[in-house]
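Student: What would the 3D arrangement of this be:
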Amino acid sequence: MARLPKLSANGILGIIVRVYAACGGDMDYFLDMMELLLQTKGFRLRAPRPLVNFNNAFNPDLDNATALHRFLFTVPQLERLVRHLQFSPTIETTSQDRVGSLEALALLCRRLAEPSRLFTVADEFGRSVEACSRIIRAIVEDIYERHKNMIYLHKGILVDNVATYAAAIREKSGLVGLATCMAFIDGTKQYISRPGAREEGAEHENLQRSVYKGNPRRHCLSWQGITVPDGLIISMYIPFEGRRHDTTMLAMSRILFEFQQDEVLRDYCMYGDPAYGCRAGLACPFPNVRPGSPEAAFYTKMSSVRESVEWFFGLIKGIWGYINYDKTRQGPLGLPSAPMTPMTPTPPQRSRKTKPKHPSRPSIPSLVALGEP
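Tutor: Below is the predicted model:
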């Protein structure tokens, strides 16, 4: 059955006027006709919207335990973040929504804390769902516009501590000759739903193919991040289509070009997995190493150190549940099959050398379970 098209307000009004004119102005007949149209699904009314409790509001005096549970920060910590992120006193959206910076940041943290419905968040703050969506988008855009250069590459921290980072990696790995490795680069995937076609897309645009990753066989966006030994992510580049290779993301980000242009960083390098390939400013494992060789020992020691970059990505996804939505919202898949377990008993294990006498005849436990006479 084809889905009914969505009509504009003027289109609906025109249909109602025509029905009323066809009824000759008889109101009872008109109401009967409208009821008939609803019963035959000639019209489809919108589902009633849930009501937000507008008596609720953000409480700046919230106790620390409750604030940590809701926002993952206490209110004093949120106030400190507002100062360091250099927010203006109020956040204003394109629809003239005005909200304090503290409440807007708390709203963003509450949204990212868990993969709940936006209505749940809106009900806690006493604002409409649409207003909460606009406020969250506005504060995210504000953060990005103010700190996009720092998000791309925090060169100040890296230049000031590059010698310390290199010494820490050399000491942790136990490789005395490794003196210039300062950071680790890797990519992470954020799984998304299968995208649909855009109304104003190009003629041959295929969004599903663009974001489809062959390895996990899922649609996703890919991020490129660089971490240093003290746990900071000094670079996080914009999401790419899932089909993009690591080397393509590295080339498009121009991170290596930034390193080569700096007088201090040009003498150091990053370490990545074999997919990146060795080049100026980037080291990678030796290919086709022999077990027990010095190259294999180098790979083993650096792998134990390099895996820290994956820990930091996993830490972020573990703390902010909204980012890891695909895992946190999985249902108990084993429960529906639990009632069927007694009906399909496991047959006894046989040795490979033993062959059943009647391979086509079901076993006795199966006959009993299925109710055979």
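
Student: what about residue 242, how many neighbours?
Tutor: If you count neighbours by other C-beta atoms under 10 Å, residue 242 ends up with 22. To be clear about C-beta, it is placed using only N, CA and C from the backbone, and glycine gets the same treatment.

Student: Next, the contact list for it, please.
Tutor: Going by C-beta atoms under 8 Å, 6 or more residues apart in numbering, residue 242 touches 189, 210-213, 218-222.

Student: And residue 71, by the same measure?
Tutor: Each residue near residue 71 by C-beta under 8 Å, 6+ apart is listed here: 78, 106, 109-110, 113.

Student: same thing but at 10 Å, please
Tutor: Listed by C-beta atoms under 10 Å, 6 or more residues apart in numbering, the contact partners of residue 71 are 62, 77-78, 105-113.

Student: Check which helices and strands the lengthiest helix in the chain sits against.
Tutor: Of all the segments assigned as helix in the chain under DSSP state H, the longest by residue count is helix 129-152. For helix 129-152, the helices and strands in contact under the criterion 3 or more C-beta pairs under 10 Å, 6 or more residues apart in numbering; DSSP states H and E are strand 90-92, strand 98-100, helix 101-113, helix 118-125, helix 155-173, strand 233-241.

Student: most tightly surrounded among the ones you listed?
Tutor: Of the helices and strands packed on helix 129-152, the one with the most neighbours on average (mean count of other C-beta atoms under 10 Å) is helix 101-113, at a mean of 21.

Student: Next up, phi/psi of the spatially most central residue of the chain, please.
Tutor: With distances taken as C-alpha atoms, centre = their mean, the chain has residue 323 as the residue nearest its mean C-alpha position (3.5 Å). Backbone torsions of residue 323, given as degrees, to the nearest 10, read phi -70, psi -40.

Student: On the pLDDT front, check the closest residue in space to it that isn't next to it in sequence for me.
Tutor: The spatially closest residue to residue 323, leaving aside those adjacent along the chain, is residue 317, at 5.3 Å (C-beta to C-beta, 6 or more residues apart in numbering). Model confidence at residue 317, given as pLDDT, is 86.

Student: State the helix or strand in which residue 317 lies.
Tutor: Residue 317 is part of helix 308-319 when elements are defined by DSSP states H and E.

Student: State the distance from the residue nearest to the centre of the chain to residue 157.
Tutor: Distance of residue 323 to residue 157, computed by C-beta to C-beta, to the nearest Å: 24 Å.

Student: Packing partners of the strand or helix carrying residue 78?
Tutor: With elements delineated by DSSP H and E, residue 78 resides in helix 75-84, which encompasses its position. Packed against helix 75-84 by the contact rule (3+ C-beta pairs under 10 Å, 6+ apart) you find helix 64-71, helix 101-113.

Student: Quick check: end-to-end length of stretch 18-28?
Tutor: 16 Å (C-alpha to C-alpha, to the nearest Å).

Student: Pull the distance from it to the chain's centre.
Tutor: Stretch 18-28 has its C-alpha centroid displaced from the chain centroid by 53 Å (C-alpha atoms, centre = their mean, to the nearest Å).

Student: Give me the residues contacting that stretch.
Tutor: With C-beta under 10 Å, 6+ apart as the criterion, stretch 18-28 contacts 29-34, 37, 42-43.

Student: which parts of it are buried?
Tutor: 19-20, 23 (16 or more other C-beta atoms under 10 Å).

Student: From residue 177, how far off is residue 114?
Tutor: The separation that residue 114 has from residue 177, given C-beta to C-beta, amounts to 47 Å.

Student: neighbour-wise, which of these two wins?
Tutor: Under the neighbour definition other C-beta under 10 Å, residue 114 and residue 177 were set side by side, and residue 114 has more, 17 against 7.

Student: Can you give me every residue that contacts that one?
Tutor: The contact partners of residue 114, by C-beta under 10 Å, 6+ apart, come to 69-70, 72, 120-121, 320-322, 325, 328-329.

Student: on that earlier part again, quick check, the residue nearest to residue 323 in contact with residue 225.
Tutor: No. Using C-beta atoms under 10 Å, residue 317 is not in contact with residue 225, being 11.9 Å away.

Student: remind me which residues of this protein are low pLDDT?
Tutor: Counting by pLDDT under 70, the low-confidence segments of the chain come to 1-5, 45, 327-373.

Student: and residue 175, how many residues sit next to it?
Tutor: Under the criterion other C-beta under 10 Å, the count of neighbours that residue 175 has is 16.

Student: And what about it, helix, strand or coil?
Tutor: coil (DSSP: H, G, I helix; E, B strand; the rest coil).

Student: Make sure it is actually in contact with residue 299.
Tutor: No. Assessed by C-beta under 10 Å, residue 175 is found out of contact with residue 299, at 11.0 Å.

Student: Would you confirm that residue 150 contacts residue 158?
Tutor: No. With contacts counted by C-beta under 10 Å, residue 150 stays clear of residue 158, the gap being 11.2 Å.

Student: Give me the common contacts of the two.
Tutor: In contact with both residue 150 and residue 158: 234-235, using C-beta under 10 Å, 6+ apart.

Student: circling back to that earlier point, which of the contacts of residue 71 lies closest to residue 199?
Tutor: Of all the contacts of residue 71, the one sitting nearest residue 199 is residue 111; the distance, using C-beta to C-beta, is 26.9 Å.
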